[in-house]
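**Student:** Turn this into a model:
(2 chains)
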Amino acid sequence: MRIGVPQFPGSCDEVDALLAAGHVGDAELLWHRDRDLKGVDAIVVPGGFSYGDYLRAGAIAGLSPVMDAIADFARDGGPVLGICNGFQVLCAAGLLPGALLQNQDRRFVLRQVELSVETTDTDWTSAAEPGQLLSIPAKHQSGRWWAPSELHAEIADQDQIVFKYAAGGNFNGSLDDVAGVCNEGRNVVGLMPHPEHAVDALTGSTDGLVLFRSLLEGATNV
Amino acid sequence: MSESSALPAPRDLPAGATPEGDAPGLENAKALGLTASEYDLVVEKLGREPVQVELAMFSLMWSEHCSYKHSKKLLGTLPTEGPAIVLGPGENAGAVDVGDGWTVAFKVESHNHPSAVEPFQGAATGVGGILRDIFALGARPIAVLDALRFGEVDGDVPHPSLAAATDATSDGAVPGAASAIEPTSGVGGAGDTATTPAPSIGDDDGESGRRRSRFLLDGAVRGIGHYGNSIGVPNIGGDLYFEGPYETNCLVNAMALGLVREERLIRSAATGVGNVVVLFGAATGADGIGGASVLASAELGEDDASKRPTVQVGDPFEESKLVECSLELLERDLLVSLQDLGAAGLTSAASEMASKGEVGLDLDVALVPRRMEGLEPFEVMVSESQERMLCVVTPDKVDEVIAVTDKWDVHGTAIAVVTDTGSFRIFDGDAFVGDMPIPALVDDCPLYDIFPEKPTASIYPAPPRRIADGLDAGAALLALLGSSNIADRRPLFEQYDSIVQSRTVRRPGQTDAAVLMVPGPASRFSVGGGADAGAGHPSVAPEAGASGDGTSAASGPISGVGVSIDGSGRRVAADPYVGTIWNVLECAANLACVGAEPLGLTNNLNFGNPEKPHIAWQLTEAVRGLGDACRAVGSPVVGGNVSLYNEGTTGPIYPTPVVGMVGKVPDVAVTSPVGFASEGDLVALAGSFAPQLALSELAKLEGGAIPDGLPDWDLERTAAAIAAVRDTVREGRLNSCHDVAEGGLVTALAESALAGGVGATVELSAFAPDDADGRASLFGEAPGGFVVTGSAEALAVLAERTAVTVIGTVGGSALCVRCADQAVNVSLAALSEAHGALARLFA
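**Tutor:** As a prediction, this is how the structure comes out:
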């Protein structure tokens, strides 16, 4: 398993994503100006503030050459995970439904949250149990997931809501407590909390590993 | 941008050539902060009157901020040698050896006056500036901490729960101002704050002052978060005090740590005649012109809003590219030396590089990329535009250096050449506009003696009364927990990213000192990329047989560092010598709770105007205390910062020596949390602890005046107690460990109960000096005391080395304490509600 992590100017959590992905495979950085994905088997779009997020979170990164290639990779069914800013980038690039707005209190907040796994039928949650609770840190200023009611109803209907904040944990005001969603093909998943920061008991929790382990299940199923 | 075909070359000038232009003269020199005698000395050094560029550069280099002319003699008395010291004072930051060839570089720096004028950008650029000091050494920034001091934010009301109710309405006036400082609105939004009127100070019973303090707090916290969060460096700790004397002169001190292989540390000396000086990063504008001389080296006054153009605007995105670019340049071995541009911009950076290398420079300001038209040569030389770096490069490597800067979009430009003239010669194209001997600029600023004199009476008014005398112990505890100096800091620190880079083993609030894995998480797993993997960008390979469940972690101890920053000003106001010792001991005690042995210390001396005898006395006594305490705890000084002239319209700040300490943790998996861990554990008071009420937070709430002097302190005995606790923590014997600080023993017990989510029952005899009713034992303060929990055996081991008194048992859902006439019986829920009082400041 080879996993690519695109690095944009302003990325912050790319090394953390490399380390986490390293638990299940070889991980390497991909440069934002390159279209060459170096033949990787999966992509993790990392957190941070790509291009400073000055226009709108994820907006500029969504237009970068590497994201062009990642969009093709995703359309061909390749597994893509977007974490935090990566989720914002995937939404901005049209690969995931909805948008991420400023938190309801308009502040950056870091908090260890409980996520419930709403579906295990994705490339990134197949190793989890339905309804499993994961303790994972969230840290962002623009993490309030939102979609027009028709779109929200449609993706709920199609089981595309992958993670929800557990009861009482929706600190950013996300619609319907949504913390993460997937595309119709179920190979592209994005979430605001940081599973790559939950892979080592010494730094808090290992609950995030299940996302990366799901990749291996997918690979053996092929 | 990358046309480097014609590199800057030394200029041929006819013998006796002097710079063009008229000399602005003495009156202009005074307006820039030089004294008449300093001006005469400049004239003597140059052999003529300085022209405009020269006058601007001398006024900055000879400012207090750059020359330390009132403090340099004192600082020379501090201990700077120790077995772990790799880099002492004098470079951009100090550095200590943390083992296996790794060094941790660290330094604290103030951005007080900019933050008092414009808190968001002032604090943000404070973080940006200290980070540049770190990566200018070739070190990857791995952590930020901050020490913040503001005026009072609580009203004069009898109980904090009432304060929460009344302030909820008065706070409504603030968010309008604060909302203009939305971090994600970026530079544009941030710029708007320059036109947002800050609440001003009036005489409406102090409420407008408190409102302004809340505005400054909110802006500074947003600014620190904005910069640190956006650049991907975790903010792992800090401290926060609210005291009246900071109302018109808040303090924002930021400390940063970086990680680098010892052999990769790079110095800042410009060497090699003919080598080229390349400027990279942001373009130069008119922001921050005169910041060091006008803002940092004078007292604040009523018209500070008009000084906003001297506050710089920060761009963390630009800096994050600068970090990566600088580290890549060093990784590829392309640089002779590297220096950041901070206070006094190009003037300071270039002349200090030349001074250290004992060379001259020919610099052409016409080559400096601008973000605006019409800048005069002197403005280019003194601009404090942020996010710029300067490096010295051999001519053959210039193209490669510029290519790397282009890759990171921080386009480099060759602007100067190293010469053998010993002079800093400035050109504007063909025009010769400045010529100064480097030693005159950097070393020849006169150093001043200060004339200390102890004031006959306290220069600080007593704080306003908040609670009645003799409140029963339970009510007093609740009032303390809800007071702004003790209330839970979570609403503040959860606005910071404390976990990025995956080194943070103990998050803020979990332990008394922050704990980082060093070199880093990469060493925990099988990682490619060799020795640099921890600091660089590793490529990662799975360990053979990795199960993906975290069990592949390497076994054995995981090395790291513990870090803390401390510095209460009130105790230093009472007694500058003993108070400073207390600050150092508190910092060492915090490290002890995570088993960290001090390696080195950085300090930020925040004081008033040293030309006044009583301030000179505070400064002199504090530095004496700092030196004695550093020697006692075995923590030499690796460098620091001096911030003087911290006086607002209502007088000087409390003298505030802030100390940041880095200690070695042999195994980061073995630390003791603040919180009680298991029901049935014994609770003990450990250490060398003789608390007194006179200076306590309780006395402050009761409106008590600051005492004149603190009792002499047995420094060696306290240091020994701290070492004993540290070693016992390292042995993994203590299930919790928390040093007794503000609010005394009973507050420490409450904090451990809240952090652990479990109560305790405690009974003890009064032990404080002259304490008949038990009040001083429960609420008195002093360094050297710890609340520890563990088994009887564990406590017996600790008792072999320091005093240990078993005082109770962990358990239940309330804190029950009896001591002589005092009795506390409060539920965890009630403690928790009081402790959460700070949230309303960030609503």
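**Student:** Residue 60: what's its closest spatial neighbour, skipping adjacent residues?
**Tutor:** All of this is about chain A. Once flanking residues are discounted, residue A:60 sits nearest to residue A:51: 3.9 Å by CB to CB, 6 or more residues apart in numbering or on different chains. From N, CA and C alone the C-beta is placed, and that goes for glycine too.
**Student:** Sorry, I should have been clearer: chain B.
**Tutor:** Excluding the flanking residues, the one nearest residue B:60 by CB to CB, 6+ apart is residue B:344, at 4.1 Å.
**Student:** Hmm, residue B:61 and that neighbour touching each other?
**Tutor:** Yes - between residue B:344 and residue B:61 there is a contact at 6.7 Å, judged by CB atoms under 8 Å.
**Student:** where do the contact lists of those two overlap?
**Tutor:** Counting by CB atoms under 8 Å, 6 or more residues apart in numbering or on different chains, residue B:344 and residue B:61 have no common neighbour.
**Student:** Which stretches in chain A count as helices?
**Tutor:** A:14-21, A:65-75, A:85-92, A:149-157, A:209-221 (DSSP state H).
**Student:** Next, the angle helix A:14-21 makes with the helix or strand of chain A with the lowest mean pLDDT.
**Tutor:** Across the helices and strands of chain A, mean pLDDT, DSSP states H and E gives its lowest value to helix A:209-221, namely a mean of 84. Interaxial angle of helix A:209-221 relative to helix A:14-21 (axes from the mean of the first three to the mean of the last three CA atoms, to 10 degrees): 60 degrees.
**Student:** Show residues contacting helix A:209-221.
**Tutor:** A:1, A:3, A:20-21, A:23-25, A:41-42, A:79, A:81, A:122-128, A:132, A:134, A:189, A:195, A:198-199, B:548-550.
**Student:** tell me which residues of it are tucked away?
**Tutor:** A:209-218 (16 or more other CB atoms under 10 Å in any protein chain shown).
**Student:** ditto for stretch B:644-657
**Tutor:** So for stretch B:644-657, counting by 16+ other CB under 10 Å, buried means B:644-648, B:650-657.
**Student:** which residues of chain A score low on pLDDT?
**Tutor:** Within chain A, the segments meeting pLDDT under 70 span A:219-222.
**Student:** can you check the stretch 451-600 of chain B too?
**Tutor:** In the predicted model, the stretch 451-600 of chain B carries pLDDT under 70 at residues B:523-555.
**Student:** What segments of it are strands?
**Tutor:** In the stretch 451-600 of chain B, the strands defined using DSSP state E, counting those that start in this stretch lie at B:504-506, B:514-517, B:560-566, B:597-606.
**Student:** Can you lay out those as CSV showing distance to chain A?
**Tutor:** Output for those, formatted as CSV (distance: least, CB to the nearest CB, whole Å):
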stretch, distance to chain A
strand B:504-506, 6
strand B:514-517, 8
strand B:560-566, 10
strand B:597-606, 20
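**Student:** Mean neighbour count and distance to residue B:780 added to those strands, as JSON lines?
**Tutor:** Putting the strands of the stretch 451-600 of chain B into JSON lines (neighbours: other CB atoms under 10 Å in any protein chain shown; distance: least, CB to CB, whole Å) gives the following:
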{"stretch": "strand B:504-506", "mean neighbour count": "27", "distance to residue B:780": "28"}
{"stretch": "strand B:514-517", "mean neighbour count": "28", "distance to residue B:780": "28"}
{"stretch": "strand B:560-566", "mean neighbour count": "29", "distance to residue B:780": "19"}
{"stretch": "strand B:597-606", "mean neighbour count": "27", "distance to residue B:780": "26"}
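**Student:** Out of these, flag the one nearest residue B:467.
**Tutor:** Closest to residue B:467 of the strands of the stretch 451-600 of chain B is strand B:560-566 (CB to CB; 25.7 Å).
**Student:** Specify the angle between the closest one and strand B:597-606 in degrees.
**Tutor:** Counting by the same axes, to 10 degrees, strand B:560-566 lies at 30 degrees to strand B:597-606.
**Student:** Which elements pack onto strand B:560-566?
**Tutor:** Under the contact criterion of 3 or more CB pairs under 8 Å, 6 or more residues apart in numbering or on different chains; DSSP states H and E, strand B:560-566 touches strand B:102-110, strand B:140-150, strand B:235-242, strand B:251-261, strand B:514-517, helix B:576-592, strand B:656-665.
**Student:** Swap in 7 Å and give it another go.
**Tutor:** Judged by 3 or more CB pairs under 7 Å, 6 or more residues apart in numbering or on different chains; DSSP states H and E, strand B:560-566 is in contact with strand B:140-150, strand B:235-242, strand B:514-517, helix B:576-592, strand B:656-665.
**Student:** Give the rounded mean pLDDT of stretch B:84-93.
**Tutor:** Throughout stretch B:84-93, pLDDT has a mean value of 90.
**Student:** Dump the C-alpha coordinates for it into CSV.
**Tutor:** Only the C-alpha atoms of stretch B:84-93 are listed here, as CSV (Å, rounded to 0.1, in the frame of the first residue of the first chain):
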residue,chain,number,x,y,z
ALA,B,84,23.9,21.3,28.3
ILE,B,85,24.5,24.7,26.8
VAL,B,86,25.2,24.5,23.1
LEU,B,87,24.5,28.2,22.3
GLY,B,88,24.4,30.8,24.9
PRO,B,89,23.4,34.5,24.7
GLY,B,90,24.4,36.5,21.6
GLU,B,91,22.9,34.5,18.7
ASN,B,92,19.3,34.7,17.6
ALA,B,93,18.3,32.2,20.3
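**Student:** can you point me to the longest helix in chain B?
**Tutor:** helix B:207-231.
**Student:** Does anything pack onto that helix? Which helices or strands?
**Tutor:** The criterion is 3+ CB pairs under 7 Å, 6+ apart, and the helices and strands that helix B:207-231 contacts are helix B:119-135, strand B:140-150, helix B:175-178, strand B:235-242, helix B:316-331.
**Student:** picking that back up, how about the helices and strands packed on strand B:560-566 in CSV, adding distance to residue B:34?
**Tutor:** Formatted as CSV, the helices and strands packed on strand B:560-566 follow (distance: least, CB to CB, whole Å):
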stretch, distance to residue B:34
strand B:140-150, 30
strand B:235-242, 35
strand B:514-517, 42
helix B:576-592, 30
strand B:656-665, 28
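**Student:** Return the residues in contact with the residue of the stretch 301-450 of chain B found nearest chain A.
**Tutor:** Per CB to the nearest CB, residue B:317 is where the stretch 301-450 of chain B lies closest to chain A, at 3.0 Å. Residue B:317 makes contacts with A:10, A:49, A:51-52, A:54, B:230, as judged by CB atoms under 7 Å, 6 or more residues apart in numbering or on different chains.
**Student:** Let me see the ranges of the helices in the stretch 1-150 of chain B.
**Tutor:** B:26-31, B:36-46, B:52-61, B:64-67, B:72-75, B:112-117, B:119-135 (DSSP state H, counting those that start in this stretch).
**Student:** Mean neighbour count, those helices: which tops it?
**Tutor:** helix B:119-135 (a mean of 29; mean count of other CB atoms under 10 Å in any protein chain shown).
**Student:** In terms of secondary structure, what does that helix contact?
**Tutor:** Partner elements for helix B:119-135 (3+ CB pairs under 7 Å, 6+ apart): strand B:102-110, helix B:112-117, strand B:140-150, helix B:207-231, strand B:251-261, helix B:316-331.
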